[in-house]
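> from the sequence below, what's the structure:
(2 chains)
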Number of protein chains: 2
Amino acid sequence: MTKIFIQDLKDYVGQEVEVSGWIANERSSGKIAFWQIRDGSGFAQAILNMEEISASKWAEAKKVTLESSVKIIAKVSKHPKKEEYELQVEDFDFYQIAEEYPIGKKDHGIDFLLDNRHLWLRSSRQWAIQRVRNTLIQATYEFMAKNNFIKIDAPILTPSACEGTTELFAIDYFDTTAYLSQSGQLYLEAAIFAHNKVYDFGPVFRAEKSKTRRHLTEFWMMDAEMAFVDLAGNIKVQEDLIRFMVQAVLSKNQAELKILERDTKPLNNIAKPFHQITHAEAVKMLQKMGSDIKADDDLGADDETILTKKFDNPIFVTHYPAKIKAFYMKRDNKDKDLALCADLLAPEGYGEIIGGSQREDDYETILSRIKEHKLPVKEFQWYLDLRKYGSVPHGGFGFGLERIVGWVCGLEHVRETIPFPRTIYRLRP
Amino acid sequence: MTKIFIQDLKDYVGQEVEVSGWIANERSSGKIAFWQIRDGSGFAQAILNMEEISASKWAEAKKVTLESSVKIIAKVSKHPKKEEYELQVEDFDFYQIAEEYPIGKKDHGIDFLLDNRHLWLRSSRQWAIQRVRNTLIQATYEFMAKNNFIKIDAPILTPSACEGTTELFAIDYFDTTAYLSQSGQLYLEAAIFAHNKVYDFGPVFRAEKSKTRRHLTEFWMMDAEMAFVDLAGNIKVQEDLIRFMVQAVLSKNQAELKILERDTKPLNNIAKPFHQITHAEAVKMLQKMGSDIKADDDLGADDETILTKKFDNPIFVTHYPAKIKAFYMKRDNKDKDLALCADLLAPEGYGEIIGGSQREDDYETILSRIKEHKLPVKEFQWYLDLRKYGSVPHGGFGFGLERIVGWVCGLEHVRETIPFPRTIYRLRP
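This next block holds a predicted model:
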């Protein structure tokens, strides 16, 4: 008997196959029972005809419950009208008749669903989201390999904060204290001198007390860093990468996007050039739209939402005031108050998905910035070394995976984008 | 001017190109200077002829120091005898003349090198190791995608230990305590019910006080988990994966293996079937070789070393005594004292690189195991749910990336396999 996955049914029409999976739905009508089987690769309808299986099997079949696990021997047939394939069941065996499944058709509150995240993952909507997430991850690795980036895994256990923020998780590290990394960037900067183009992709941590739809305490970030690159070159890589990632989802996950009821028109725009505006231009636009943002303000979440609703494609906002950005960003020679940076905002109200910049490469300048930001110079000695031994112009960026998943899937809240979300009030399951 | 990477020199013979990089070595002889240029993609010799550049440039060239960063305009030529390409320099500009570089030709102690890890990464040996590591990572993603595994990122922040060990790092998590994950396995088990075949690949943490050549406190682990798989099926996937990974290194990293002086003969054996022996057989062999191991003992590091030196290819050691293995392993129906498990040991004395097993899928059995191991039943309630709602036979495995890198590169110590190693005494840089 050929064991197959549901995704391959179309190659076995007319043949007898073995499929193992779970009962995602079931109904019966007289002498016919319909089981919707889910095997992880997809969904298919299995049809049991009382007259074509033994009486004992028919009796057994009546015990079926949602989420029961089952092995089916069936003949594959094509739906007469639709591009769907069905299983005409000849025999079956339950691995287990499931107890009454707690997640049903009725509306559950979000807390109940998150408490049962280990089961909720099975629902078709959650299945689709994780499949899209997987495609975005795979596409990232594919793009980075094609473009000769070397993966350099930055450490999670660090002695101090990268950007000097206070939102750090502290750890008892033998006789001292360590902190969970918020970004691998500084370590990647060291690695460009060995490898030129490098990236990392791993979990980072922020002890954020804010409960917003965009924040998690643990999330996945991809940082890239390149030697001999300027702001325009840096932006080009980001545009190519995001285009490649979204294109991968469009080509591999149409079924998933349909389950998510995602309007794919805005995603198709990804082929067009991304917009570029300066922070000053963004502020003017926002003021016209009624925001009380001031010239030197960072874009708040609300600003990003109303701004990006105006655009049909991602927008790079460049040249933020240097004083509201991190110490390591290089200033613009034409206006020393501006940073050579760019944030990429996703359209449709989604907002920031990437932050990037040219890095300050002059020893004296970065030393004075570290002091201005009241960071402990001693902890940055190794980072300062990078400006002593063959310093070069360089830049990079970091994306937040969950925000990209949220945008591509069209989700309201980032908590559905990660398998086991962690927030201020949630550490389980 | 065409900006190119050193790895592409062979495509530009006779042409004028621009290369940016660092001075990895330099010497001069009268009117000729030789600079070994490193640009991250490779190494090339640049030749400066006093009579072919301006007097001021020649004077400038004399200031060169190790690790100075430079942009070169040069004509590409092929070495008359070797498959090497050279740069006949026409013009150059230093980005920076480096200060005296602390890492020289002389032998440095390991502590000095690790204190300067941010610079040590530039040495050709460290460069080669990270390139091999990158290939092994990329090959893993490629293999998992080809085989329809979905990446499910297991959480790092967890409320309790997966296997009930005491080697956990504790974290202040708002008003409670969290622990850093030692394995994503239990979370992956939840995800097979949605996706069938899943994996994670991320950092894990062990508060190991032992200082051995095989241990780090932070290292990268890939866990895979599959529904409807038995021990033989599980082993098959591992064999295919390891073969694919090593083959990728053999096809992409010959230059790196040469730098590492790695004898590639043992790696070429990977094409042959891996060995399989039971734990009982391994114990007998070890006793004959003089080990004092007893029938119910785990294989110690020394046992693994002497055992694997006997073999020319990886060895699966199966059916360990259940009582020395984790609570979640399924027992062998033929002998209930044995676990349906397999560890994969790398040859040449390297030892364990993968641990895997069939998982116990019966509710009552796993509940009693959790109690026997004195684990907090309450924290495992969600994990027990997986045995209530459509339980299925399943299994999986986890590999330690650093140990595989160490074996493939032929390294003595695991600390060189990761960009920024973390051990009991080391948290910096």
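> my read: A:K388 touches B:E100, true?
No. With contact defined as CB atoms under 8 Å, A:K388 does not reach B:E100; the gap is 9.5 Å. C-beta here means a position set from N, CA and C on the backbone, and glycine is covered the same way.
> ok, the two, which is more surrounded?
A:K388 (16 against 10; other CB atoms under 10 Å in any protein chain shown).
> so, low pLDDT: which residues of the stretch 151-300 of chain A?
A:161-165 (pLDDT under 70).
> ok, which stretches of it are strands?
A:157-158, A:170-173, A:176-180, A:197-205, A:218-227, A:275-278 (DSSP state E, counting those that start in this stretch).
> now render the ones you listed as a markdown table, adding mean neighbour count and distance to B:D39.
Formatted as a markdown table, those follow (neighbours: other CB atoms under 10 Å in any protein chain shown; distance: least, CB to CB, whole Å):
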| stretch | mean neighbour count | distance to B:D39 |
| --- | --- | --- |
| strand A:157-158 | 22 | 29 |
| strand A:170-173 | 18 | 37 |
| strand A:176-180 | 19 | 34 |
| strand A:197-205 | 24 | 10 |
| strand A:218-227 | 24 | 8 |
| strand A:275-278 | 16 | 29 |
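> redo those as CSV? Include distance to A:L48.
What follows is those, written out as CSV (distance: least, CB to CB, whole Å):
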stretch, distance to A:L48
strand A:157-158, 55
strand A:170-173, 55
strand A:176-180, 52
strand A:197-205, 45
strand A:218-227, 43
strand A:275-278, 55
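> just send those back as CSV, with distance to chain B too.
Formatted as CSV, the strands of the stretch 151-300 of chain A follow (distance: least, CB to the nearest CB, whole Å):
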stretch, distance to chain B
strand A:157-158, 5
strand A:170-173, 5
strand A:176-180, 6
strand A:197-205, 5
strand A:218-227, 5
strand A:275-278, 23
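> what about A:I137, how many neighbours?
23.
> who does the nearest residue to it once chain neighbours are set aside form a beta bridge with?
Nearest residue to A:I137, sequence neighbours excluded (CB to CB, 6 or more residues apart in numbering or on different chains): B:K151, at 5.2 Å. With DSSP bridges as the criterion, B:K151 is bridged to B:Y199.
> what sits against B:K151?
B:K151 is in contact with A:R133, A:N134, A:I137, A:Q138, B:M144, B:V198, B:Y199, B:D200, B:F201, counting by CB atoms under 8 Å, 6 or more residues apart in numbering or on different chains.
> which one of those is nearest B:D115?
B:F201 (29.3 Å; CB to CB).
> so how many other residues sit close to A:K82?
8.
> could you list every helix and strand in contact with the strand ranked longest in chain A?
Longest among the strand segments of chain A by residue count, using DSSP state E, is strand A:16-29. Strand A:16-29 sits against strand A:2-3, strand A:32-38, strand A:43-49, strand A:69-78, strand A:85-96, with contacts defined as 3 or more CB pairs under 8 Å, 6 or more residues apart in numbering or on different chains; DSSP states H and E.
> and those as JSON lines, adding distance to A:E18, mean pLDDT and mean neighbour count?
As requested, the helices and strands packed on strand A:16-29 are exported to JSON lines (distance: least, CB to CB, whole Å; pLDDT from 0 to 100; neighbours: other CB atoms under 10 Å in any protein chain shown):
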{"stretch": "strand A:2-3", "distance to A:E18": "5", "mean pLDDT": "96", "mean neighbour count": "10"}
{"stretch": "strand A:32-38", "distance to A:E18": "12", "mean pLDDT": "98", "mean neighbour count": "20"}
{"stretch": "strand A:43-49", "distance to A:E18": "12", "mean pLDDT": "97", "mean neighbour count": "19"}
{"stretch": "strand A:69-78", "distance to A:E18": "6", "mean pLDDT": "98", "mean neighbour count": "19"}
{"stretch": "strand A:85-96", "distance to A:E18": "9", "mean pLDDT": "97", "mean neighbour count": "18"}
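> quick one: which of the contacts of B:K151 is nearest A:A46?
Among the contacts of B:K151, and counting by CB to CB, the member closest to A:A46 is B:V198, at 23.6 Å.
> distance check, the closest one against B:K151.
Distance, B:V198 to B:K151, by CB to CB, to the nearest Å: 7 Å.
> hang on, the earlier thing: partners of the longest strand of chain A, with directions?
strand A:2-3 (parallel), strand A:32-38 (antiparallel), strand A:69-78 (antiparallel).
> report the angle between the axes of the last one and strand A:43-49?
The one in question is strand A:69-78. Taking axes from the mean of the first three to the mean of the last three CA atoms, to 10 degrees, one finds that strand A:69-78 is oriented at 90 degrees with respect to strand A:43-49.
> which bits of the stretch 201-350 of chain A sit near chain B?
A:G202, A:P203, A:F205, A:A207, A:K209, A:T217, A:E218, A:W220, A:A227, A:F228 (CB under 8 Å from any CB of the partner chain).
> how about a cut-off of 10 Å?
A:201-205, A:207, A:209, A:217-220, A:226-228 (CB under 10 Å from any CB of the partner chain).
> how about those residues, which pair is most distant?
That would be A:K209 and A:F228, which, of these, are the farthest apart (CB to CB) at 40.3 Å.
> more crowded one of those two?
Neighbour count, other CB under 10 Å: between A:K209 and A:F228, A:F228 has more, with 22 against 11.
> OK, contacts around the more buried one?
Applying CB atoms under 10 Å, 6 or more residues apart in numbering or on different chains to A:F228 gives the contacts A:192, A:196-197, A:392-395, B:3, B:18-21, B:39-40, B:69, B:71, B:95.
> which of these are buried?
A:192, A:196-197, A:392-395, B:19-21, B:39-40, B:69, B:71, B:95 (16 or more other CB atoms under 10 Å in any protein chain shown).
> report the two of those separated the most.
Across the buried ones among the contacts of A:F228, no pair lies farther apart than A:G395 and B:V19, at 19.3 Å, counting by CB to CB.
> quickly list what the residue nearest to A:H79 when sequence neighbours are not counted is bridged to.
Of all residues not flanking A:H79 in the chain, A:E86 sits nearest, at 6.0 Å (CB to CB, 6+ apart). Taking DSSP bridges as the rule, A:E86 bridges to A:Q45, A:S77.
> just checking, A:E86 touches A:Q45?
Yes. Counting by CB atoms under 10 Å, A:E86 touches A:Q45, with 5.0 Å between them.
> hey, what's in contact with both of those two?
With CB under 10 Å, 6+ apart, A:E86 and A:Q45 have common neighbours A:F34, A:H79.
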